[in-house]
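A.B. asks: Return a 3D structure for these sequence lines:
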Amino acid sequence: MEKPLLIKRYASRRLYNTETSDYVTLEDIASFIRDGREVQIVDLKSGDDLTRQYLLQIIAEHESRGENVLPVTVLNDLVRSYMVPGGGMMPQFLQSSFEMLRENQAKMMENMSAMNPMSKMPGFEAMKAQQAAFLKAMTGGMGGSWNSPLAEDSKGNDASENLEDIKKQLADLQNKLSKLK
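C.D. replies: Numbering: from 1, shown residues only. A predicted model of the protein is given here:
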């Protein structure tokens with residue numbers, strides 16, 4: 001496990017990436033996390049750990065932009081958990097739920113690896129890529145990079161064009177499967 005990326009907050013509230021020696025934004029930090037990197041944000045002067053505060057701010061900004069991942073019922077439950085001395089069972093429940101989700105995602109990807117006899121089936125790579133995209137979308141990119149559905153891919157295509165490509169690949173795959181029967 002590599003060390004977390006150390007980000008220092010200066011008195012001016014600017015955030016400084018100690019690895020690249022440049023200033024970063026909250027969106028940069030969110031990108032590091034989506035890419036699987038752990039971060040630690042500390043106040044330069046006091047040495048206080050501000051990581052939790054900034055991660056909550058990133059979540060709040062994404063939620064306020066309409067990128068709603070947390071249903072209102074979950075947000076209500078989180079608020080209620082603060083009313084219970086010690087937070088009740090919520091912190092342990094959330095941690096174990098996300099660990100289980102990451103483990104299941106890893107197992108699914110492992111099952112789709114080249115060792116799988118299905119990997120020789122025509123169209124398997126397209127199906128594998130579609131499954132990986134689905135898992136990333138469902139898990140919010142935990143343990144890997146994820147872009148919002150509105151993002152562009154590396155070729156500059158928007159999400160609707162990618163969806164059409166995936167639909168076409170899925171239809172081709174279904175045709176090939178029906179011919180195999």
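
A.B. asks: all strands for this structure, in order.
C.D. replies: Along the chain, counting by DSSP state E, strands occupy 5-9, 15-17, 22-24, 39-43.

A.B. asks: Show me what the third one is packed against.
C.D. replies: Using 3 or more C-beta pairs under 8 Å, 6 or more residues apart in numbering; DSSP states H and E as the contact definition, the elements that strand 22-24 packs against are strand 15-17. C-beta here means a position set from N, CA and C on the backbone, and glycine is covered the same way.

A.B. asks: average pLDDT across the strand it packs on?
C.D. replies: For strand 15-17, the mean pLDDT works out to 97.

A.B. asks: do stretch 72-92 as well
C.D. replies: Mean pLDDT, stretch 72-92: 78.

A.B. asks: Next, the buried residues of it.
C.D. replies: residue 81 (16 or more other C-beta atoms under 10 Å).

A.B. asks: centre of the chain versus it, how much separation?
C.D. replies: Remark: stretch 72-92 is offset 22 Å from the chain centroid, using C-alpha atoms, centre = their mean, to the nearest Å.

A.B. asks: Residues touching it, excluding its own?
C.D. replies: Stretch 72-92 is contacted by residues residue 70 when judged by C-beta atoms under 8 Å, 6 or more residues apart in numbering.

A.B. asks: gap between the two ends of it?
C.D. replies: Length of stretch 72-92, first residue to last, C-alpha to C-alpha, to the nearest Å: 20 Å.

A.B. asks: again with stretch 74-88
C.D. replies: Where stretch 74-88 begins and where it ends lie 15 Å apart, using C-alpha to C-alpha.

A.B. asks: would a markdown table of the strands of the chain with distance to residue 76 be doable?
C.D. replies: Listed next are the strands of the chain as a markdown table, based on distance: least, C-beta to C-beta, whole Å:
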| stretch | distance to residue 76 |
| --- | --- |
| strand 5-9 | 31 |
| strand 15-17 | 31 |
| strand 22-24 | 33 |
| strand 39-43 | 28 |
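
A.B. asks: With residue 50 as the reference, name the closest of the ones you listed.
C.D. replies: Among the strands of the chain, strand 39-43 comes nearest to residue 50, with 4.6 Å by C-beta to C-beta.
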